[in-house]
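In: prediction below, plus the sequence it came from.
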Amino acid sequence: MVAVVDADQADAALAALRAHPLGRGAALIGRIGPDPAGLVLLKTQFGGTRIVDVLVGDPLPRIC
């Protein structure tokens, strides 16, 4: 699950998720910032930054 939560409420949201047995591994994995607009950036293990490309083809799995 990915939840977008106001930064001021992030700690409370994590605490609520972690209070449930299935949410004990909940973690903050990113943030939304003003720049660069419209891009998703990924920080690498080596400290670099790269742009996450848009999915090509069928971006959503089919659930039949």
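Out: Good, I have the coordinates.
In: tell me where the protein has strands.
Out: 41-43, 49-51 (DSSP state E).
In: from the contact counts, what lies against the first one?
Out: Using 3 or more CB pairs under 8 Å, 6 or more residues apart in numbering; DSSP states H and E as the contact criterion, the neighbours of strand 41-43 among helices and strands are strand 49-51. Any C-beta I mention is one placed from the backbone N, CA and C, and that applies to glycine too.
In: residues touching the strand it packs on, excluding its own?
Out: Leu39, Val40, Leu41, Leu42, Lys43, Thr44 (CB atoms under 8 Å, 6 or more residues apart in numbering).
In: go ahead and confirm the fourth one touches Val52.
Out: Yes - with contacts counted by CB atoms under 8 Å, Leu42 reaches Val52, the gap being 5.2 Å.
In: just name the shakiest helix or strand of this structure by mean pLDDT.
Out: Least confident element among the helices and strands of the chain, by mean pLDDT, DSSP states H and E: strand 41-43 (a mean of 87).
In: what lies in contact with that strand?
Out: Under CB under 8 Å, 6+ apart, the answer for strand 41-43 is Thr49, Arg50, Ile51, Val52.
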